[in-house]
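Novice: Pasting the sequence and the predicted model now:
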Amino acid sequence: MNYKKYFLISLIAALGLSALVGIYIFLFGDAEETEMRVLTTTLAIGVFSLLGLSCATLQNREGLRWLSLTGVIISIIAFIITVYGIWSDSEIKDLWKAAGIATTLAVGLAHVSLLLLIRIKSSKTKYVLAATVLFIIIVSVMFINGIVCEFEQDEFYFRLLGVFAILDVLGTITTPLLNKLMEKK
C-alpha cells in the first residue's frame, strides 16, 4: 500500500476544500468571528502544509530522513497548537508562545530542508551552505528567545538579529548560484 500517495491525495483534497471555504467566506461572508476563525484555520492549513511538504522533500535522501521526519512532526505540532489557539476562547499567552516557537522551528527546518536539496558540486559551495545553515539556526534561536522573553531585548539584540537574517538570506540566494557556477568549471 502506498501511504505517501494517499497522504498526498488527502492533503490536496484538504487544501482544495480549505480554498473553497476561504473563497466562499471572502465572497459571501460577513466577517463574523466564526468566519474569521475558519479563514485563519484555512490559512494555517496552507502555511503548515507548505512547511511540512518542504521538510518532506528530504524523505528519500539517505542520512537526512530524520530531519525530514522531525520537520514534518514539528509542522504538525505547530499546526495543532495554532488551530487550538484560533478556536479556543481562552487568552493563554503561553499557548501563543508555544505556537510561535513551534512555527519558528518548522520554518527553520523547512528552510534548511530546501537548501539541503542542492547537490553540492564544490567545497566552496559546501562551506557557503554550512554557513547558511548556521545562520538559519542562529536566526531561529534568536527569534525563539525573543518569543520567550516577549521581545523585550535591547536594541543591539535586534540589530544582531537583523545582521544574521541578512546573512541567512544572502546564503540562501548565493548557495544555489555558486553551486551552478562551480558546475560549469
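Specialist: Nice, I can see it.
Novice: okay, CA-based contacts and neighbour counts for the rest of this
Specialist: Noted.
Novice: what's the longest helix along the chain packed up against?
Specialist: Using DSSP state H to assign secondary structure, the helix with the most residues in the chain is helix 155-184. For helix 155-184, the elements it packs on are helix 123-148, judged by 3 or more CA pairs under 8 Å, 6 or more residues apart in numbering; DSSP states H and E.
Novice: quick one: buried residues of the helix it packs on?
Specialist: Going by neighbour count (16 or more other CA atoms under 10 Å), the buried part of helix 123-148 is 125-126, 128-144, 146-147.
Novice: Which secondary structure state is assigned to the residue nearest the centre of the chain?
Specialist: Central residue of the chain (CA atoms, centre = their mean): Val107, 2.3 Å from the mean position. Assigned with DSSP: H, G, I helix; E, B strand; the rest coil, Val107 falls in the helix class.
Novice: Might you list the low-confidence residue ranges for the protein?
Specialist: Applying pLDDT under 70 to the chain flags residues 1-4, 7, 184-185.
Novice: Let's see that with 80 instead.
Specialist: The model of the chain has pLDDT under 80 over residues 1-8, 10-11, 14, 29-31, 89-91, 183-185.
Novice: okay, now the domains of it?
Specialist: The record assigns the chain these domain ranges, following automatic domain parsing: 1-89, 118-185.
Novice: With distance to Lys97 as new columns, can those be given to me in a markdown table?
Specialist: Below are those laid out as a markdown table (distance: least, CA to CA, whole Å):
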| stretch | distance to Lys97 |
| --- | --- |
| domain 1-89 | 10 |
| domain 118-185 | 6 |
